[in-house]
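Trainee: sequence isn't available, so here's the structure alone:
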């Protein structure tokens, strides 16, 4: 497939730039090349727990220098989406600082009293009380939004239930399915493009997952690069009915493309 001229880059974080807190070889060089050539770029993550500032600090600790304004989370995408839908609205939020901060900064009022939306994000301490409150508010008419559909998240001890799993429980209790803003919804990519004033025709997406990064990149009209440093093995590619534009070993192979 013929490559287009790439002026802007979007990249996933886990599995592309870092793995379990350690920088993937070549990741720091790739980000440094983007900054040296003044290419617009965003690091995308479905993780809604942390603020962009938190994530920038975590990346810096691993040796990757990414400014916080170059990080786009599912929490930020969700807050942006809701601002466009109902400006200065209200929401009952289940989540951590990444989500609550994004909602506050978007002008939303966080309330348990007749909110416009119930917004479900990631947290390491899902409480039965909070989930019960969400179910009752949704049954009373609040619209149901979730930051991302991931059903599990990683931890040192093994998988943890994540947003998608808790959303499934709420759906079972209410009969209402959430609108997911994060990957693989191309909405997250479109809001990212708007953030850096880029065009899909000249933007590429780098990811390690076919079912989120690549499919969303394709649906958003981007050139896609699948790296093999995360959750996808070469033989997995043919199991999907769509293909990335390119398959490369790692982000290190893209430094010269910047």
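Mentor: Thanks, I have it. Since the structure is predicted, the reported quantities are computational estimates derived from the model, not experimental observations.

Trainee: poorly predicted segments of the protein, please.
Mentor: Counting by pLDDT under 70, the chain has low-confidence residues at 1-3.

Trainee: where along it do the helices fall?
Mentor: 27-36, 52-61, 74-85, 97-105, 128-139, 163-174, 186-196, 215-219 (DSSP state H).

Trainee: for stretch 191-201, list every residue counted as buried.
Mentor: By neighbour count with 16 or more other Cβ atoms under 10 Å, stretch 191-201 contains the buried residues 191, 192, 193, 195, 196, 198, 200. C-betas here are computed from N, CA, C, even on glycine.

Trainee: next one: the first one from residue 75, what distance?
Mentor: Between residue 191 and residue 75 the computed distance is 12 Å (Cβ to Cβ, to the nearest Å).

Trainee: still on that earlier bit, so which of the helices of the chain comes closest to residue 149?
Mentor: helix 163-174 (4.3 Å; Cβ to Cβ).

Trainee: need the helices of the chain in JSON lines (columns: distance to residue 253).
Mentor: Formatted as JSON lines, the helices of the chain follow (distance: least, Cβ to Cβ, whole Å):
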{"stretch": "helix 27-36", "distance to residue 253": "9"}
{"stretch": "helix 52-61", "distance to residue 253": "20"}
{"stretch": "helix 74-85", "distance to residue 253": "27"}
{"stretch": "helix 97-105", "distance to residue 253": "31"}
{"stretch": "helix 128-139", "distance to residue 253": "44"}
{"stretch": "helix 163-174", "distance to residue 253": "31"}
{"stretch": "helix 186-196", "distance to residue 253": "22"}
{"stretch": "helix 215-219", "distance to residue 253": "17"}
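
Trainee: out of those, indicate the one that is most buried.
Mentor: Most buried of the helices of the chain, by mean neighbour count (mean count of other Cβ atoms under 10 Å): helix 74-85, with a mean of 23.

Trainee: what's the angle from it to helix 186-196?
Mentor: Between the axes of helix 74-85 and helix 186-196, defined by axes from the mean of the first three to the mean of the last three Cα atoms, to 10 degrees, the angle is 90 degrees.

Trainee: which residues touch helix 74-85?
Mentor: Residues from elsewhere that reach helix 74-85 (Cβ atoms under 8 Å, 6 or more residues apart in numbering): 45-48, 51-52, 89, 91, 95, 98-99, 101-103, 105-108, 117, 119, 121, 145, 147-148, 181-183, 187-188, 191-192.

Trainee: now stretch 42-50
Mentor: Taking Cβ under 8 Å, 6+ apart as the rule, stretch 42-50 contacts 9-14, 17, 55, 58-59, 66, 70-75, 78, 95-99, 121-124, 147-148, 150, 153, 163, 182-183, 188-189, 192, 195-196, 212.

Trainee: try it again at 6 Å.
Mentor: Contact partners of stretch 42-50, identified using Cβ atoms under 6 Å, 6 or more residues apart in numbering, comprise 10-13, 66, 70-75, 95-96, 98-99, 121-122, 147-148, 150, 182-183, 192, 196.

Trainee: alright, calling it a day.
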